[in-house]
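1. just a sequence and a predicted model for now, questions to come.
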Amino acid sequence: MAEYVIAIDQGTTSSRAIVFDHSGEIVSTGQLEHEQIFPRAGWVEHDPKEIWRNVREAIGMALSKASLTRDDIVAVGITNQRETTVVWDARTGEPIHNAIVWQDTRTRRIVEELAADGGVDRFQAKVGLPLATYFAGPRICWLLDNVEGARKRAETGELLFGTIDTWLLWNLTGGTRGGIHATDVTNASRTMFMDLESLAWDSEILAAFGVPESMLPEIRPSSHAFGRVDHSQLLADVPITGILGDQHAATFGQAAFSPGSAKNTYGTGNFMIVNTGNEIVRSENGLLTTVCYQLDDEPPVYALEGSIAVTGAAVQWLRDQLGLIKDAADIERLAKTVPDNGGVYFVPAFSGLYAPYWRGDARGAIVGLTQYAKAGHLARATLEATAFQSMDVLAAADKDADVPLKELKVDGGMTVNDSLMQFQADVLGIPVVRPRITETTALGAAYAAGIGVGYWSGTKDVAKNWWADQRWRPEIDDSERQRLAREWHKAVERTFDWVDDDTP
């Protein structure tokens, strides 16, 4: 009987279930989008119950399309939008509030208060992260402070916290009937609460944030026997043996297992990860230090990461808020109606600027407008913003790394855009390489789960499945590359200091 691994890929805009075979090929897929909730400027929320419903339906879609049952599935892997924060009642399973999404900026004042004693790098030596609205820790504080009775309930052990992986694991394994409350090291490393060396929750940092440790899930390796799916679910009794935050999963799926290897994922945001092996490397240029992954009974592998808040989300903004395009795929066609950006630059700092700037006071700006500018120029500037932001992150990585990167592996939905990939190679000045299987986030979760049950024997086994599909090489000269970078950086500077103390 054929055997497969299924990966649950719970992302910022949709939930997917993808079935993979032993060669890493996609067998079938189920996918459903969920609502993006914007209660006010800078606030972004999701309904955790909608996400859970969609995950269950996506699993059913993937199984039915390939005429599979639970008996055909050897393991389940989970990958998730990181930092998105859910707090729920342990007894009823009801969330106390919508999930607060990683893009949300409502915790700015909490961050500023914590940074008043020691600066934004107050906890960075332990956790590898600066104080920023990006991470889960400040979101928990906000929920405890702003949901009536939440802090008291948390202190008496009634409430549980989790990133989306934990929320799904708890529900998949029974929920109120003994659901497993756990996470993996990659997701834990994005809370601001986990010590990178001990891989344990830090009691002093929790005290500074005012978060009871009883709320937090158990931290486990990424490839590990987390538990089995509850008998009430379609995948009843199938083991869940892999959990990775989405960007770590993409790194795993790209087979970036050796120190110095790197990938860049193009999704709602962009995320570049550089593997640093078993060494914790502290960035001096605005990157994050994070856990890359950990296999059961092995030491953790660490990484440097450059996180960009808004790339694909800017395309969605053109579609949903401005109505310039009907489908995200239309952006390339519209951008090709003009030969260049016409001097227009778009800095989509909707949630401030992440790596390497870390400017929570920044907001989006479109600069260089003249009467000559039209929709095609804005579309082109939107795509180019993705490449420019990645250029800034790679420059920071080159400064931190012993050896500059010679090529960049890429994945994610936007990599189907050939024009964007060519422009990315142009502004980086190095080749950009897309793998044959671009669903590397789900694939990485599947690999971790499959390794956990012996379906694959280890990282060398899964690395055999990686093949290049297309390679783009730079086509512009250094002087043009420098001009484009100079004008982009002038545009970035225009976004600084936009948010004042009295800004709502």
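-> Yep, it's here. Numbering: from 1, shown residues only.

2. burial count for residue 448?
-> When neighbours are counted by other Cβ atoms under 10 Å, residue 448 registers 36. Heads up, the C-betas are built off the backbone N, CA and C, glycines and all.

3. what sits against it?
-> 77, 222-223, 241-244, 249, 252, 293, 295 (Cβ atoms under 8 Å, 6 or more residues apart in numbering).

4. which one of the residues you listed is nearest residue 181?
-> Nearest to residue 181 among these is residue 243, at 12.7 Å by Cβ to Cβ.

5. could you look up the SS state of residue 63?
-> Three-state assignment for residue 63 (DSSP: H, G, I helix; E, B strand; the rest coil): helix.

6. distance-wise, check it relative to residue 70.
-> Remark: distance between residue 63 and residue 70 (Cβ to Cβ, to the nearest Å) = 8 Å.

7. which neighbours do the two share?
-> residue 234.

8. picking that back up, in TSV, list the contacts of residue 448 along with pLDDT.
-> Formatted as TSV, the contacts of residue 448 follow (pLDDT from 0 to 100):
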residue	pLDDT
77	97
222	97
223	96
241	97
242	97
243	97
244	97
249	95
252	94
293	96
295	95
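
9. CA-only coordinates of stretch 87-106, as CSV, when you get a sec.
-> Coordinates of each C-alpha in stretch 87-106 appear next as CSV, following Å, rounded to 0.1, in the frame of the first residue of the first chain:
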residue,chain,number,x,y,z
VAL,A,87,-5.2,32.9,23.9
TRP,A,88,-8.0,30.5,24.8
ASP,A,89,-9.9,29.0,27.7
ALA,A,90,-8.5,25.6,28.6
ARG,A,91,-11.8,24.3,29.8
THR,A,92,-14.1,25.4,26.9
GLY,A,93,-11.6,25.8,24.1
GLU,A,94,-13.1,29.3,23.3
PRO,A,95,-10.6,32.0,22.3
ILE,A,96,-10.8,35.1,24.5
HIS,A,97,-10.2,37.3,21.5
ASN,A,98,-9.4,37.1,17.8
ALA,A,99,-5.9,36.0,17.0
ILE,A,100,-3.5,39.0,16.8
VAL,A,101,-1.6,38.7,13.6
TRP,A,102,2.2,39.1,13.3
GLN,A,103,1.7,42.2,11.2
ASP,A,104,-0.3,44.0,13.9
THR,A,105,1.2,47.1,15.5
ARG,A,106,-1.1,47.8,18.4
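
10. mind checking which of residue 63 and residue 70 has more residues around it?
-> residue 63 (22 against 16).

11. surely that one is in contact with residue 19?
-> Yes. With contact defined as Cβ atoms under 8 Å, residue 63 counts as touching residue 19 (7.4 Å).

12. need the residues touching each of those two.
-> With Cβ under 8 Å, 6+ apart as the test, residue 63 and residue 19 both reach 6, 28, 73.

13. on the three-state scheme, the second one is what?
-> Following three-state DSSP, the label given to residue 28 is strand.

14. right, and it touches residue 19 too?
-> Yes. Using Cβ under 8 Å, residue 28 is in contact with residue 19, at 4.8 Å.

15. more neighbours: which of those two?
-> Neighbour totals were compared for residue 28 and residue 19, and residue 19 leads with 24 against 18 (other Cβ under 10 Å).

16. surely the more buried one is within a helix?
-> No. Read with three-state DSSP, residue 19 is strand and lies in no helix.

17. if I look at it, how far off is residue 127?
-> Counting by Cβ to Cβ, the gap from residue 19 to residue 127 is 36 Å.

18. with residue 176 instead?
-> Here the criterion is Cβ to Cβ. By it, residue 176 lies 31 Å from residue 127.

19. looking at these two, which one has more neighbours?
-> residue 127 (25 against 14).

20. can I get the helix or strand residue 224 falls within as CSV, trimmed to CA atoms?
-> Per DSSP states H and E, residue 224 falls inside strand 223-228. Coordinates of the C-alpha atoms in strand 223-228 are reproduced here as CSV (Å, rounded to 0.1, in the frame of the first residue of the first chain):
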residue,chain,number,x,y,z
SER,A,223,10.9,16.7,14.4
HIS,A,224,9.4,14.9,17.4
ALA,A,225,6.5,12.6,18.4
PHE,A,226,4.0,15.3,19.5
GLY,A,227,1.0,13.0,19.8
ARG,A,228,-1.7,11.4,17.7
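
21. does residue 77 touch residue 239 like I think?
-> No. With contact defined as Cβ under 8 Å, residue 77 does not count as touching residue 239 (10.3 Å).

22. the more surrounded of these two?
-> residue 77 (31 against 18).

23. look up phi and psi at that one.
-> The phi/psi pair for residue 77 (degrees, to the nearest 10) reads phi -120, psi 150.

24. repeat for residue 413
-> The phi/psi pair for residue 413 (degrees, to the nearest 10) is phi -60, psi -40.

25. quick check: pLDDT value at it.
-> pLDDT for residue 413: 84.

26. go on, residue 117?
-> Residue 117 is assigned 88 on the pLDDT scale.

27. where does pLDDT dip in the stretch 1-150 of the chain?
-> In the predicted model, the stretch 1-150 of the chain carries pLDDT under 70 at residues 1-2.

28. just the helices in it please.
-> Using DSSP state H, counting those that start in this stretch, the helices of the stretch 1-150 of the chain run over residues 48-65, 108-115, 124-127, 136-146, 150-155.

29. same question for the stretch 401-504 of the chain.
-> 418-428, 440-452, 459-463, 478-493.

30. do I have it right that residue 348 meets residue 364?
-> Yes. Counting by Cβ under 8 Å, residue 364 is a contact partner of residue 348 at 5.1 Å.

31. dump the residue contacts of the closest residue in space to residue 107 that isn't next to it in sequence.
-> Residue nearest to residue 107 in three dimensions, not counting chain neighbours: residue 138, with 3.7 Å by Cβ to Cβ, 6 or more residues apart in numbering. Listed by Cβ under 8 Å, 6+ apart, the contact set of residue 138 reads 107, 110-111, 114, 131, 192, 209.

32. same question for residue 84.
-> Applying Cβ under 8 Å, 6+ apart, the residues near residue 84 are 12, 46, 99-102, 136, 163-164.

33. do the same with residue 291
-> Contacts of residue 291 by Cβ under 8 Å, 6+ apart are 185-186, 188-189, 196, 199, 248, 300-303.

34. same deal with residue 115?
-> 122, 131.

35. try 6 Å
-> residue 131 (Cβ atoms under 6 Å, 6 or more residues apart in numbering).

36. what distance do you get for it to residue 307?
-> 18 Å.

37. I'd say residue 217 and residue 166 touch.
-> Yes. Judged on Cβ atoms under 6 Å, residue 217 makes contact with residue 166 at a distance of 4.8 Å.

38. neighbour count winner among those two?
-> residue 166 (27 against 23).
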